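Asks: Based on what follows, work out the 3D shape:
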Amino acid sequence: MSVFLVLLLLATQVLLNLYATSTLTAAAFDAARIVAGADGTGSEVVAEEHARGVLGRFAEQVEPFEWDYVDLDGDGRADVVRLTVRAERPSRILPAGGRLPFSSIERVIDVRVEELR
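Replies: Numbering: from 1, shown residues only. Okay, the predicted model is just below:
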């Protein structure tokens, strides 16, 4: 019986981690897409507020977003918006302060800048 409970607890933790990872990735992609499609005036703030709103309480565990603009063709204008997000995975196994392997999430999202041709 105790082996079953341990396996159930482990499966629950894995599902919680997968959900947190996919939710953070989706919110980060939305934020990068908003910035890539905007004219650049305050769009990072709007995008981060949107992403944190989507994440709900989990947003408290997310570090500030790191934005970067990459010029791929050397013309001096950004071609790609790169967003790096980091967060601590929610853990219910150990009390606060306990560290598990793979306890942090880091995602780098690249989105091409939208421009009319």
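Asks: helix or strand for the residue nearest to the spatial centre of the chain, which one?
Replies: The structure's the chain has its C-alpha centroid closest to Leu24; by Cα atoms, centre = their mean the separation is 3.6 Å. Leu24 belongs to helix 2-37 when assigned by DSSP states H and E.
Asks: Show me what the mean pLDDT comes to for that helix.
Replies: With pLDDT averaged residue by residue, helix 2-37 scores 91.
Asks: That one - contacts with which helices or strands?
Replies: helix 43-55, strand 80-88, strand 104-112 (3 or more Cβ pairs under 8 Å, 6 or more residues apart in numbering; DSSP states H and E). Glycine gets a C-beta too; all of them are placed from N, C-alpha and C.
Asks: and the angle for it with strand 80-88?
Replies: Here helix 2-37 runs at an angle of 150 degrees relative to strand 80-88 (axes from the mean of the first three to the mean of the last three Cα atoms, to 10 degrees).
Asks: For helix 2-37, which residues meet the burial criterion?
Replies: 13, 17, 20, 23-24, 27-36 (16 or more other Cβ atoms under 10 Å).
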